[in-house]
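> Sequence and predicted structure below; questions after.
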Amino acid sequence: MREAPTWRIPIGVLLLVVALGFYGVVVATFVPPLIGEWNALAQTPVYVVLGVIWILPLRRFLIWMETGRWG
């Protein structure tokens, strides 16, 4: 039988949305002045890396949301 969800799941989802929004604002604010003059093909890898890098801490965060432990 499956246990009922805990408070960690809704709070974790809210924290994830807030953190991703903050990360998006930071990237949109600080990256264009640094690479805005570059060719679009040169900018693409930078934005791809920045678009994927937020996933790195996500595994541990999702484990915490489900179990309450960080690993």
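Looks like it arrived, so ask away.
> helices and strands around the lengthiest helix in the chain, which ones?
Counting by DSSP state H, the longest helix found in the chain is helix 8-35. Packed against helix 8-35 by the contact rule (3 or more CB pairs under 8 Å, 6 or more residues apart in numbering; DSSP states H and E) you find helix 40-52, helix 58-67. From N, CA and C alone the C-beta is placed, and that goes for glycine too.
> Checking residue 38 next. Helix, strand or coil?
When classified by DSSP: H, G, I helix; E, B strand; the rest coil, residue 38 comes out as coil.
> Report the separation between it and residue 46.
With the distance defined as CB to CB, to the nearest Å, residue 38 ends up 8 Å from residue 46.
> of the two, who's got more company?
residue 46 (14 against 11; other CB atoms under 10 Å).
> list the buried ones in the longest helix of the chain?
The neighbour-count check on helix 8-35 (16 or more other CB atoms under 10 Å) flags 12, 27 as buried.
> quick one, that helix and helix 58-67 angle?
For helix 8-35 against helix 58-67, the angle by axes from the mean of the first three to the mean of the last three CA atoms, to 10 degrees is 160 degrees.
> what mean pLDDT does helix 8-35 have?
The pLDDT scores in helix 8-35 average 94.
> out of everything not next to it in sequence, what's closest to residue 42?
residue 35 (7.4 Å; CB to CB, 6 or more residues apart in numbering).
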